[in-house]
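Novice: Predicted structure and sequence below. I'll ask about it afterward.
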Amino acid sequence: MIEMDEIQKRILKEVADLHDVPEGAYNIRANGKSLGRESTENIEIIPRDTGDGLTIRIKPGTKRESVHIPVVLSESGLKETVYNDFYIGEGSDVVIVAGCGIDNCGVQDSQHDGIHRFFVGQGARVKYVEKHYGSGDGRGKRILNPVTEIYMEEGSSAELEMVQIKGVDDTNRVTKAELKAGAGLVVRERLMTHDEQKAISTYSIDLNGEGSNADLVSRSVARGSSYQKFDAVINGNAPCSGHTECDAIIMDRGRILAVPGLKANDVDASLVHEAAIGKIAGDQIIKLMTLGLSEEEAEEQIINGFLK
Amino acid sequence: MLELKNVSFGVDGNDGGKEIIRDVSLTLPDDKLVVITGPNGGGKSTLARLIVGIEKPVSGNIYLDGEDITEMSITERAGRGIGYAFQQPVRFKGIEVFDLIRLATGKKISSADACEYLSAVGLCARDYIKREVNSSLSGGELKRIEIATVLAKQPRLAIFDEPEAGIDLWSFGNLIDVFAGMRRKIKGSSILIISHQERILNIADEIIVLKDGRVSAKGSREEILPELINTSVAVGYCNGVKGETADD
């Protein structure tokens, strides 16, 4: 039986939509220790000898199974770096739910740096969901620096849903991907920063195989005095197709820097970048006000929809 | 009942101020369908925006049921029963058709409730309810969804700015059914439509002609319409569906 306090339960709900112990394979890490772990017949979760992460092996052909590996930090001043390696067997089809929540009521900074590497086998499909969340009213910062590396074999596909909506003071996200022939990568990033927060999100995607493709869409909102940088590079090294899109709303005194980068190293590489930054369109607010919403409610609805 | 008393509105231009609405006074009685017509640039859309509260008059007053709403916000006017369908509907990334209809009703609704409003504007609800109100929808689809949001709001005074423009394959007859349905369902409600279309003018109880920011004629359809026929103000159906829209 896993013992969690109310704060830990609340954070777990925010980052992994979990009310209780999940079904299937899981590892719940809280304040640097594993609170509970369960492997299944097809999914093996092995702790690293050094205690700073996991190796997760998914058998070839595993279908419709999931792995949950949420992390909760509720002690102020805790700093950790965790290494998780995922080996996703050929032809499997799985969902991996990660996510980290920090509740910091103290004065010291709390920091979790998760380094996740995915080795996606031939023809395998994986959906990876990562939610980051911060709470607590302490002066100590809540810092998350995730590194995600994906190595995709021929004909494999991966969908990454990465969400950071609230409460993370400082984040430096790095995502790298290498795709072989026929592999497909879809990334959906949702980011909102507020107050004095800072978020940097860097992508480097190498399309190395014929017919590989990547579609990266980031939607973000910068409120308060927060700052965001979106830096996405797609390298087309073969006949391939790539698309990146940065769609951002700025409010208050928020600032956003979008750095599009496309590099075509093959004459048959087809790469597209779109970037748009601006405040909420006045007509959108007016329309919702004519339906009876206040200006603030209208803004909230527009942002909620945008980040959905 | 809506009353405008000596309402004027202008904008600052490079060559000094430009007056768009000049000393307009008019009354929209309850339970009437009133069409405002007139040449492009005559101030029709501006007048609608003044009533909705998107623009504020530089002088004059607007009363709804005797209450002065001149200084009220858009939200406050919406709360008092004014609804408005944009000439060019707004797109929203991420907001679904269902969300917009739910917000318009101001309460929790089921998919079946939302479907009722979409069906009324000739959209197969199942195909649209989960669609985002974004650029994946055609202009005609957006226009009909816009009308559905006003239906869902059930306003006592509904204002439609060129509702017929761009409704593509849907027919005028259906649009007119929508207006008739609103009048049946909302007791004492009035409808204000901005249009050049003869077929819309034909269903009006009263017609107001706005020209150069002034009311140049007003009265019952029987009085006004014969004077308008075959002038540039009223265009026939065939001209209308070729895409004649006003941009004032």
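Specialist: Cool, got the structure.

Novice: Is the closest residue to B:Val133 other than its chain neighbours in a helix, a strand, or coil?
Specialist: Ranked by Cβ to Cβ, 6 or more residues apart in numbering or on different chains and with sequence neighbours excluded, the top spatial neighbour of B:Val133 is B:Phe92, at 4.7 Å. Backbone N, C-alpha and C define where each C-beta goes, glycine included. Secondary structure for B:Phe92, judged by DSSP: H, G, I helix; E, B strand; the rest coil, is coil.

Novice: Surely B:Phe92 touches B:Ser135?
Specialist: No. The pair B:Phe92 / B:Ser135 is not scored as a contact, 10.3 Å apart, by Cβ atoms under 8 Å.

Novice: Kindly tell me how buried residue 28 is, as a neighbour count.
Specialist: Assuming you mean chain A. Neighbours of A:Ile28 under the rule other Cβ atoms under 10 Å in any protein chain shown: 23.

Novice: that's the wrong chain, I wanted chain B
Specialist: Neighbours around B:Leu28, by other Cβ under 10 Å: 21.

Novice: Beta-bridge partners for the nearest residue to it once chain neighbours are set aside, please?
Specialist: Leaving aside its chain neighbours, B:Leu28 sits nearest to B:Leu2 (4.2 Å; criterion: Cβ to Cβ, 6+ apart). Beta-bridge partners for B:Leu2, by DSSP bridges, are B:Leu28, B:Leu64.

Novice: quick one: which of B:Phe92 and B:Ser135 has more around it?
Specialist: The neighbour comparison of B:Phe92 against B:Ser135 (other Cβ under 10 Å) goes to B:Phe92, with 23 against 10.

Novice: what does chain B put close to chain A?
Specialist: Residues of chain B lying close to chain A (Cβ under 8 Å from any Cβ of the partner chain) are B:52, B:54, B:73-75, B:78-79, B:82-84, B:86, B:89-90, B:92-96, B:99-100, B:103-104, B:106, B:149, B:153.

Novice: ok, A:Val120 touching A:Ser156?
Specialist: Yes. With contact defined as Cβ under 8 Å, A:Val120 reaches A:Ser156; the gap is 4.3 Å.

Novice: Just the buried residues of stretch B:79-93, please?
Specialist: For stretch B:79-93, the neighbour count (16 or more other Cβ atoms under 10 Å in any protein chain shown) marks B:80-93 as buried.

Novice: How about exporting the helix or strand containing B:Arg77 as CSV, limited to the C-alpha atoms?
Specialist: Assessed by DSSP states H and E, B:Arg77 sits inside helix B:74-79. Listed next in CSV are the C-alpha coordinates belonging to helix B:74-79 (Å, rounded to 0.1, in the frame of the first residue of the first chain):
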residue,chain,number,x,y,z
ILE,B,74,-20.8,45.3,-24.0
THR,B,75,-21.1,42.7,-21.2
GLU,B,76,-23.7,44.7,-19.3
ARG,B,77,-25.8,45.2,-22.5
ALA,B,78,-25.5,41.5,-23.3
GLY,B,79,-26.8,40.8,-19.8
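
Novice: neighbouring contacts of that helix?
Specialist: Helix B:74-79 is contacted from outside by A:286, A:289-295, B:51-54, B:64, B:69, B:153, B:155, using Cβ atoms under 8 Å, 6 or more residues apart in numbering or on different chains.

Novice: need the helices for chain B, in chain order.
Specialist: Ranges of helices within chain B are B:44-52, B:74-79, B:97-105, B:111-120, B:125-128, B:139-153, B:172-185, B:198-201, B:221-228, B:237-241, based on DSSP state H.

Novice: which one of those helices has the lowest average pLDDT?
Specialist: The stretch with the lowest mean pLDDT among the helices of chain B is helix B:237-241, at a mean of 43.

Novice: quick one: the most centrally placed residue in chain B and B:Leu210, what's the gap?
Specialist: Taking Cα atoms, centre = their mean, the centroid of chain B lies closest to B:Phe160, which sits 1.3 Å from it. For B:Phe160, the distance to B:Leu210 equals 15 Å [Cβ to Cβ, to the nearest Å].

Novice: what's the answer for A:Glu300, then?
Specialist: 37 Å.

Novice: can you check B:Val24 too?
Specialist: Applying Cβ to Cβ, the value for B:Val24 to B:Leu210 is 8 Å.

Novice: can you check A:Ser220 too?
Specialist: A:Ser220 sits at a distance of 44 Å from B:Leu210 (criterion: Cβ to Cβ).

Novice: same question, A:Asp103
Specialist: A:Asp103 is 61 Å from B:Leu210, where distance means Cβ to Cβ.

Novice: do A:Glu189 as well
Specialist: Counting by Cβ to Cβ, the gap from A:Glu189 to B:Leu210 is 49 Å.

Novice: Looking at those two, which one has more neighbours?
Specialist: With neighbours defined as other Cβ under 10 Å, A:Glu189 and B:Leu210 compare such that B:Leu210 has more, 26 against 22.

Novice: Was I right to think the more buried one contacts B:Ser45?
Specialist: No. Using Cβ under 8 Å, B:Leu210 makes no contact with B:Ser45, being 10.0 Å away.

Novice: ranges for the strands of the stretch 1-150 of chain A?
Specialist: In the stretch 1-150 of chain A, the strands defined using DSSP state E, counting those that start in this stretch lie at A:25-30, A:33-38, A:43-47, A:53-58, A:63-68, A:71-73, A:79-88, A:93-97, A:100-103, A:110-120, A:125-135, A:142-144, A:147-152.

Novice: which residues does A:Tyr128 bridge with?
Specialist: Under the criterion used (DSSP bridges), A:Tyr128 bridges to A:Ile96, A:Leu160.

Novice: go on, B:Leu157?
Specialist: Taking DSSP bridges as the rule, B:Leu157 bridges to B:Ile82, B:Ser190.

Novice: ok, it to chain A distance?
Specialist: From B:Leu157 across to chain A, the span is 12 Å (Cβ to the nearest Cβ, to the nearest Å).

Novice: what's A:Val187 sitting at in phi/psi?
Specialist: phi -120, psi 130 (degrees, to the nearest 10).

Novice: show me the contacts for it.
Specialist: For A:Val187, counting by Cβ under 8 Å, 6+ apart, the contacting residues are A:159-160, A:162, A:175, A:203, A:214-218.

Novice: Go again with 6 Å.
Specialist: Going by Cβ atoms under 6 Å, 6 or more residues apart in numbering or on different chains, A:Val187 touches A:160, A:216.

Novice: give me the beta-bridge partners of it?
Specialist: Bridge pairing for A:Val187 - DSSP bridges - gives A:Leu160, A:Leu216.

Novice: List the buried residues in the helix or strand encompassing A:Ala214.
Specialist: Using DSSP H and E, A:Ala214 sits in strand A:212-222. Buried residues in strand A:212-222, counted by 16+ other Cβ under 10 Å: A:212-216, A:218-222.

Novice: so which of the residues you listed comes closest to chain B?
Specialist: Among the buried residues of strand A:212-222, A:Arg219 lies closest to chain B (Cβ to the nearest Cβ), at 7.6 Å.

Novice: Good, wrapping up.
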